[in-house]
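A.B. asks: Sequence and predicted structure below; questions after.
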Amino acid sequence: MALRGGFSTETAVGAGLGAVVTWLVILPLAAVAIGAATDTGGLSARPFLDVLGSGRIIANTVIVGVGATAIAVAVGGALALTLARIETPGRALLSRLVTVPLYITPLLTAIAWSWLGSPRGGLINLVCRRLLGIDSLVDLETGGGVVFVSALAYVPLPFLLISAALRSMDPSLEESARIHGGSTFQSLRLVTLPLMLPSIVGSALLVFVQAMGLFSVPAVLGMPSGFYVAGTEIYRSLNNFPPRLAQAAVWGLLLLAVTAGLTWLQTAFLRRNSYATVTGKAFRPRMLEIGWARHLLALFAIFYVAVAVVLPVATLLWAALVNFITVDLDLMAFGLKHFRYVLFEYPKTYLAMENSLVLGVATATLGCALGLALSWSIVRRPGRLSVYLDQVSMFPLAVPSMVLALGVLWVYVRAKALPIYGTISILLIAYLTHYLPIAVRAGSGALRQLHSELEDAARLTGASWGRTIRWITLPLTRPTLVATWSLLFILSVQEISSSILLYTSRTTVLSVAVFDLWEAGNVNALAALSVIQLAITFLALLALSRAGRREGVA
Amino acid sequence: MTGFHRRTLLRGLLAGAMTLPYMRRASAEEQAALVEGAKKEGALAFATSVSAAGFPKFMDAFKAKYPFLDVSSGYYSAPTGRVLARVAAEMSSGNLSFDALHIANLVPYLQMARSGQLLPYHSPELAAFPEDAHGGDFWTTARIIGVIMAYNKNVLAPEKAPKSWLDILKPDFKGRKLIIQDSAAGTSFNQMYILEKLLGIDFMRKWGEQKPIIVATSAQLIDLLVRGEALVGATVDHFRAFEPDAVKAGIVGIYPTEGMPLALAPIAILKGAPHPNAAKLFVDFTLSHDGNTLLAHDIFNVYSPRRDVPPPERQLPLAETKPLLPQDLADYEKASANFPEHFDSIFKT
């Protein structure tokens, strides 16, 4: 009886999840599709033709996608190998520092790098002009600059995915290569690299999809020199009068189609070979012996941290403290006036902090719950429904969040039965939809490592489905849940693209306050507020990791 | 909509020295009824494209006058396109949350008035405005913004700075030496429409060939000028060039010899506004002597169409700037519909 009761609960939960995913993902995407096909009221193919006709922008978008992916995966992969498999000096600390760019929004990194590397007034050029007499050494306000800064921001993704795979790899395979006389390099090339292919391809796809839809970095570094990409076109379409909403929607659908195609290719490619040697079993991977070269690799990791973390954050701090940014190094005076402005005069600061924290906690908590529930259905109950849940929950990854937000706006402004339009809940819905792929992937990753025998044993001894989840599944997946919660919290606090379309002054959030300052050209106040935003993020994470450690989770 | 003619509009707008005409005061009864109605509504929802740091002062002043109104819950500010995207989505779904609209582009008001999307309201304050500063009872110009040029004297010698719009075509200013605003700005549409009428499409094409830097907002433009990223700002909202911080950093405003294109920023009430009485009080306040002085003069430092609001500080009176306005409103509206594409064809090739 208990089993049958459990089964019906499961069926009900499965159906409920199907409905939730459809509601969260399919509805706004359907609204986008309808919006794409209707130009000023009537059915029209013009938006499609307009978008497909902008060859240079499509080319630029592909350049940023391919360029940023190539660099991020190469650097991230090299860092993963350096810090996971080689006795690099200081690798514990470096492993943490390398992931810090995840906590800094690409918008801030881009703004900081524009202050450093703009062709005339950039700090690097100012200093070089003063010291070396070189007029203009670097120019990051170019397509190359967009690729470089996007890559810097995305390195942590391949780093995390590839190091995880490297750590869980069965070392006996490499050892057998060595026994057969292969050098360290040969065993890396012939054994390790091929085995890492799924995580390399997976992280490449992840970076590519995000870089293609990226708005902030091209807006700051590309637009001034006329380097436009899909993300900037979506932003311009929405800001213009008359707004070209259909074009924005078409760009979104185009990126979705590209991602769907690539995901299909990835699945087909990986299916040809078996990579099952990367198992869930815990191994202690053998460290590679490379002698003095490990010091060089440590320098490489330090260089990345300097360029992606230290320099941008120091620049933000400098801009927050300098009275005003000028071309004349001698005119620069420092003080706390921008912090005073942001903390005591800028009317949005405290309300935005409160809203960001509330939304961060709500998105992280509900996202984890939903992610775990969905991944449980996907991993433990394979079938048609699980395929649907798996695929649909990945869609939001492929659609730029500004377009997704447009769909959310269109749905909820009409959904009078669910009056959340204009409230903070519409932001929560947009965030949950946007970050659903991350929540689901993290959850299914954890569940795949957890053998179902444990759950089965509990069920056989008479525990209900609910109790099994409560007493077996949840405690065992807790480390992953805590990590996912933190990630979702950080990402929500940083979210800009959908927030700027959906907020009202009562529901404004920190990232919108920062973005408003950018649009208002108030760059010093922007820097001060960003420093505060970063501080809040880090304090929240610190508190969380302390709490986790106390409970023995971390 | 009756098209206003450049000369009549200018005559009206420039008649600052004229004596105030008889002003129709709202009767005490009418006023009391509005306040009573607004009390029941309890809120005002305002959509606008203004992003000035000082703007909250204006909303605070309104709130101080009508403390029973919640003016923050429904407030939304963003660039024009985003504001209109939300207003349009709300209107088409019959779920309007906004009451009043204030953006720096006349065209949407012309269109909305024609298609019955604006609520006519004859504010008693209209008596203080020239005839042509308002479109019947549908909309009224609350601020007038001129577009000029500016340079940074620490980067460019004054004798090399352009004097006329035609000067920006000089070879000195080719290749990321000029900065302009992107097509999203209402002021940028006005400027380019008027300059194209005045100097011809050839001028525009050659301007495009100068490959200017394009930024999203006029504030970012000043920021780049201050940082010395380019020589001349060629789409500068006039007041930005005379802000104390900008002047301190070396920014100098130039009134071009051909004249200063003007953009009108009207205010209107939306048809179907959930708080129509509060919206009427808000429009009255915005157009009143005190409210408009605060908005146009104190906060934005721009021109007011009201005859009794002083001209902006540290700047030329409107009459001396050779102000330029569109002459054929039907043509102006038509040009606006294709402006984003037109802009891209000139500056993004």
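C.D. replies: Arrived safely.

A.B. asks: Secondary structure element holding the one residue in chain B that gets nearest to chain A?
C.D. replies: Ranked by CB to the nearest CB, the top residue of chain B for proximity to chain A is residue B:219, at 2.7 Å. Where you see a C-beta, it was placed from the backbone N, CA and C, and this is true even at glycine. Element membership for residue B:219, per DSSP states H and E: helix B:218-226.

A.B. asks: still on that earlier bit, pLDDT value on the residue of chain B closest to chain A, please?
C.D. replies: The model reports residue B:219 with a pLDDT of 77.

A.B. asks: What residues does it make contact with?
C.D. replies: A:519, A:520, A:521, A:522, B:51, B:240 (CB atoms under 8 Å, 6 or more residues apart in numbering or on different chains).

A.B. asks: same thing with residue A:98?
C.D. replies: Counting by CB under 8 Å, 6+ apart, the residues that residue A:98 touches are A:79, A:83, A:155, A:156, A:159, A:301, A:304, A:305.

A.B. asks: Helices - which of those land there?
C.D. replies: Among these, DSSP state H puts A:79, A:83, A:156, A:159, A:301, A:304, A:305 in helices.

A.B. asks: quick one: the helix or strand hosting residue A:367 near chain B?
C.D. replies: Residue A:367 is located in helix A:349-380, with elements delineated by DSSP H and E. No: Helix A:349-380 is not in contact with chain B by CB under 8 Å from any CB of the partner chain; minimum separation 8.7 Å.

A.B. asks: Nearest to residue A:216 among the ones in helices among the contacts of residue A:98?
C.D. replies: residue A:156 (16.5 Å; CB to CB).

A.B. asks: That closest one: neighbour count?
C.D. replies: 19 (other CB atoms under 10 Å in any protein chain shown).

A.B. asks: cool, and residue B:317?
C.D. replies: Taking other CB under 10 Å as the definition, residue B:317 ends up with a neighbour count of 12.

A.B. asks: wait, isn't it in contact with residue B:311?
C.D. replies: Yes: Residue B:317 is in contact with residue B:311 according to CB atoms under 8 Å; the separation is 4.7 Å.

A.B. asks: so what's the closest residue to chain B within the stretch 1-150 of chain A up against?
C.D. replies: Going by CB to the nearest CB, chain B is nearest to residue A:121 of the stretch 1-150 of chain A, at 3.4 Å. In this structure, residue A:121 makes contact with A:325, A:327, B:224, B:227, B:228, B:229, judged by CB under 8 Å, 6+ apart.

A.B. asks: If you count neighbours, what's buried in stretch A:300-315?
C.D. replies: Judged by neighbour count using 16 or more other CB atoms under 10 Å in any protein chain shown, the buried positions of stretch A:300-315 are A:300, A:301, A:302, A:304, A:305, A:307, A:308, A:309, A:311, A:312, A:313, A:315.

A.B. asks: Spatially nearest residue to the fifth one (excluding sequence neighbours)?
C.D. replies: Leaving aside its sequence neighbours, residue A:305 sits nearest to residue A:97 (CB to CB, 6 or more residues apart in numbering or on different chains; 4.6 Å).

A.B. asks: Please report the distance of the one you found from residue A:79.
C.D. replies: Per CB to CB, to the nearest Å, residue A:97 is found 10 Å from residue A:79.

A.B. asks: Please identify which of those two sits among more neighbours.
C.D. replies: Using other CB under 10 Å as the criterion, residue A:97 and residue A:79 rank with residue A:79 on top: 26 against 19.
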